[in-house]
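Asks: here's a sequence, model it:
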Amino acid sequence: MGIGKKVKMYMSFTKFRLSALVILSALSGYLFVGASNGVEITYLMLGGLLVTAASNGSNQIWERELDVLMNRTGKRPLPMGEMSVNEGLIVVAVCLLPGLWMLYQLNLGSMLLGLAAFVSYVFIYTPMKRISTWAVFIGAFPGAIPPMLGAVAGSDSFGLVPGVLFFVQFVWQFPHFWAIAWVAYDDYQQAGFSLLPSRQGRTRGSAFQIMVYSLALIPFSLLPWLMGWTDNWSLAIAGACSVLFFLQSYKLYLNLTIADAKKLMFASFIYLPVVQFLYVFTKIDSKIIEALWKHGTLF
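Replies: The predicted structure is shown next:
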């Protein structure tokens, strides 16, 4: 196999594009707490990319026999026989260990969060996907760690700011993933995955829960503004984005179509980086926040 094909195979095995989206969330958290060190950003981005790649590769090793059954995953390297399990394990190790080391160079908390995301995604969420619809709830925890990790990397502290950033992405996870599960429902069924909130699948009940979590995202997305960390542009733009996102979920509830679920899925991909970097661009200077805290006027 040529070098070009080998690189393409490894990118497929580690879901490189998805990994890149994940580290953008981590970067937004890092920048939001006011950190700006170039070396730290390199460690954060590369370390986060490698740990996420290791998680994605491990997921494909776990599910290699199930991936054969689905159209969307049947052409992955392991089902196609392009890669052996041993080679996959080596790739995972080569990604995971240096990735965790890089996060440790930032601080211990960053490394522990990266390790927690890897372990919970690979050893809890992945096997649970065939057992219970609660798998989505479990998967939302590692899925929401990136902005928290970025904030901890930049502040060396597990405080209120990392927690708020975590919960914004945690709530976003549900309509995001359920929209994907709606679109890919038939494929998931072939592998025995039941990932929509209702075991009956594409029902009004599933659409209702997607809509409820989309509605909950509106106040959660405004938390940084409510805490006094961002200016009124954050209120206006994040509020508008969240309302539009909710309206798309309402359309899915009304119509129950794959087309509307697809629109919600793509909207979720756009929504998250827009809102997270909006927080960065509209944040109030940290010195002002400190002054508000001291004078007791932050709330």
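Asks: for the stretch 151-299 of the chain, which residues score under the pLDDT cut-off?
Replies: 285-299 (pLDDT under 70).
Asks: try 80 this time
Replies: For the stretch 151-299 of the chain, the stretches with pLDDT under 80 are 194, 285-299.
Asks: all helices for it, in order.
Replies: 160-183, 185-190, 204-221, 223-226, 232-255, 258-282, 286-295 (DSSP state H, counting those that start in this stretch).
Asks: buried sites along the fifth one?
Replies: Read it as helix 232-255. 234-235, 237-238, 241-242, 245-246, 248-253 (16 or more other C-beta atoms under 10 Å). Using the backbone N, CA and C atoms, a C-beta is placed for each residue, glycine as well.
Asks: closest to Ile218 among the residues you listed?
Replies: Ser242 (4.3 Å; C-beta to C-beta).
Asks: do you know how far that closest one is from Gly57?
Replies: Distance, Ser242 to Gly57, by C-beta to C-beta, to the nearest Å: 34 Å.
Asks: low pLDDT regions in the stretch 1-150 of the chain?
Replies: 1-4.
Asks: all helices for it, in order.
Replies: So, for the stretch 1-150 of the chain - with DSSP H, counting those that start in this stretch - the helices run 3-14, 16-32, 38-62, 64-67, 85-106, 108-120, 126-128, 135-155.
Asks: deepest of those helices, which one?
Replies: Comparing these by mean neighbour count (mean count of other C-beta atoms under 10 Å), helix 135-155 ranks first with a mean of 25.
Asks: coming back round to it: including distance to Lys263, could the helices of the stretch 1-150 of the chain go into JSON lines?
Replies: As requested, those are exported to JSON lines (distance: least, C-beta to C-beta, whole Å):
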{"stretch": "helix 3-14", "distance to Lys263": "26"}
{"stretch": "helix 16-32", "distance to Lys263": "18"}
{"stretch": "helix 38-62", "distance to Lys263": "25"}
{"stretch": "helix 64-67", "distance to Lys263": "27"}
{"stretch": "helix 85-106", "distance to Lys263": "33"}
{"stretch": "helix 108-120", "distance to Lys263": "29"}
{"stretch": "helix 126-128", "distance to Lys263": "28"}
{"stretch": "helix 135-155", "distance to Lys263": "20"}
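Asks: got the domain ranges for this structure?
Replies: 1-157, 159-299 (automatic domain parsing).
Asks: measure the nearest residue to Pro197 once chain neighbours are set aside to Leu195 for me?
Replies: Using C-beta to C-beta, 6 or more residues apart in numbering and skipping residues adjacent in sequence, the residue nearest Pro197 is Gln209, 4.2 Å away. Gln209 sits at a distance of 12 Å from Leu195 (criterion: C-beta to C-beta).
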